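> Let me see the structure of the following:
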Amino acid sequence: MGCSKSFITGGHAVGIFVAEKWVDSVLSVERHSKRVLILRMVLDNGLLNIFTVYAPHSEEEKESFWNDVFHLVSCIPQNEMVVLAGDMNGHVGSSNVGYDGTHGGFGYGDRNVDGSRILEFADGLNLVICNTFFVNQESHVGDTCSSSC
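Model (predicted):
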């Protein structure tokens, strides 16, 4: 499987907003599926690849989704920056045991199966989960609630 782009038509899909002052820095916007979009832009210190993702809820789609995203991130040269943003539909929890370079230890709640998948994904690509490296304000923790609440 190469790193070429593909397009979808119809239906709902992820997107991204870019402030007007950054528009001229955008090199490309590539939609790889309704769940994955990559914006590439030039910054003073190099190239930035912003992945906007929306992980599926259905078990049948999850493995394929994460394998596809892993492949796409793996295609990015090591000297380029990667930001993975969006809804990954998992909870990494408060414990960073086994993931001390990936998880900063400031998550909240319990890790679920999809949170473990996110941690393994990030660890396998030497990425960090940024919002676990600082203490969140109590008013911002748990802003959303899944249907299982």
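
> Show me the strands in the chain, by range?
26-33, 36-43, 46-54, 81-87 (DSSP state E).

> I'd like those strands written out as JSON lines, with mean neighbour count and mean pLDDT added.
In this view, the C-beta of every residue, glycine as well, is placed from N, C-alpha and C. Output for the strands of the chain, formatted as JSON lines (neighbours: other CB atoms under 10 Å; pLDDT from 0 to 100):
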{"stretch": "strand 26-33", "mean neighbour count": "16", "mean pLDDT": "95"}
{"stretch": "strand 36-43", "mean neighbour count": "18", "mean pLDDT": "97"}
{"stretch": "strand 46-54", "mean neighbour count": "18", "mean pLDDT": "97"}
{"stretch": "strand 81-87", "mean neighbour count": "15", "mean pLDDT": "95"}
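
> Please name whichever of those is nearest to E20.
For those, the distance to E20 is smallest for strand 26-33, at 11.1 Å, taking CB to CB.

> tell me the angle of the closest one relative to strand 46-54?
Here the directions of strand 26-33 and strand 46-54 differ by 30 degrees (axes from the mean of the first three to the mean of the last three CA atoms, to 10 degrees).

> Would you list the strands that strand 26-33 pairs with, along with their directions?
According to DSSP bridges, strand 26-33 forms sheet pairs with strand 36-43 (antiparallel).

> Can you check the pLDDT for the spatially closest residue to L125 that is not a sequence neighbour?
In space, and not counting its chain neighbours, L125 is closest to V73: 5.4 Å by CB to CB, 6 or more residues apart in numbering. With respect to pLDDT, V73 scores 97.

> For V73, give me its contacts.
V73 is in contact with F51, V82, L84, L125, L127, counting by CB atoms under 8 Å, 6 or more residues apart in numbering.

> Which strand residues bridge the residue nearest the centre of the chain?
Nearest to the mean C-alpha position of the chain, by CA atoms, centre = their mean, lies L84 at 3.1 Å. Taking DSSP bridges as the rule, L84 bridges to F51.

> L84 and V53 touch, don't they?
Yes: the pair L84 / V53 is scored as a contact, 6.4 Å apart, by CB atoms under 8 Å.

> Touching both of the two, which residues are there?
Contacts common to L84 and V53, judged by CB under 8 Å, 6+ apart, are V69.
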